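**Student:** Build me a model from this:
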Amino acid sequence: MPNQHDVSPDNPCPFLRALVANGYVGGHTAPLGTLTEDIGLASGKTGMGLIRAKVLTYGIAMIANGHPLRSITSGAVLDELRNGPLDKHGAGSRILDVDGQVNLEQIDRFAGFGREYANPDGGTERGLNAAEIKTFMAENLKRDGDKARWTYPIMMQGEWPVLLDILGKGKGEARYLSVADVRTLFVDRKFPKRITDRLGAPG
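**Tutor:** Below you'll find the predicted structure:
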């Protein structure tokens, strides 16, 4: 994308890819404190909710490369996440391939699990709530068949449900993850304006 930093195909996380592309963190290593601060800001949470978000982010980032001590001392290595302990090797959404290319058909498949929601900004838009995301993830595991490991359902809880928590619109059972926002995140490597407003300008 124009005016963006390069993002390694070995960084498979769409949220981290957007952080790198827009200059919030470097493309190689990122201090755990910086990651937790950025994701905490993006979540818009306060109080205990913010603390929980930061603790979860820290824990995931610490183990993502399989070298927790190195991550604590030197930062998470974002361009070495592919084939790390959190890589599901195709058992996930398959929206992003191993070369960092987006499969638009898989975004359409994701949309197929959702429905129309009332957009707080007006009108309606396609999205998935927590229950629909749960079904989506279950179907991803079923699609992978015998290749899926017992750890994958646990790992998935740190992905789409977290995106719903951070990027979602609405409240309660009506909170949904917009397909348009997912497309923007994967294809354009950008955040919705409400998220960039929380993050502020890149440091």
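**Student:** use CA for all of it now, contacts and neighbours both
**Tutor:** OK.
**Student:** Show me what the helix or strand of the chain with the lowest mean pLDDT is packed against.
**Tutor:** Lowest mean confidence among the helices and strands of the chain (mean pLDDT, DSSP states H and E): helix 152-156, at a mean of 73. Packing partners of helix 152-156 (3 or more C-alpha pairs under 8 Å, 6 or more residues apart in numbering; DSSP states H and E): helix 130-144.
**Student:** about what we covered before: the least confident helix or strand of the chain: what's the following helix or strand?
**Tutor:** Using DSSP states H and E, the helix or strand that directly follows helix 152-156 along the chain is helix 160-167.
**Student:** can you list contacts of that following helix?
**Tutor:** Helix 160-167 is contacted by residues 42-44, 129-130, 133, 175-178, 181, 195 when judged by C-alpha atoms under 8 Å, 6 or more residues apart in numbering.
**Student:** Now do the buried residues in the least confident helix or strand of the chain.
**Tutor:** Of the residues in helix 152-156, those buried under the neighbour-count criterion (16 or more other C-alpha atoms under 10 Å) are 152-153, 156.
**Student:** Also stretch 41-52?
**Tutor:** 41-45, 50.
**Student:** need those residues in TSV with secondary structure and distance to residue 117, can you?
**Tutor:** Converted to TSV, the buried residues of stretch 41-52 look like this (DSSP: H, G, I helix; E, B strand; the rest coil; distance: C-alpha to C-alpha, whole Å):
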residue	secondary structure	distance to residue 117
41	helix	25
42	helix	22
43	helix	21
44	coil	21
45	coil	23
50	helix	26
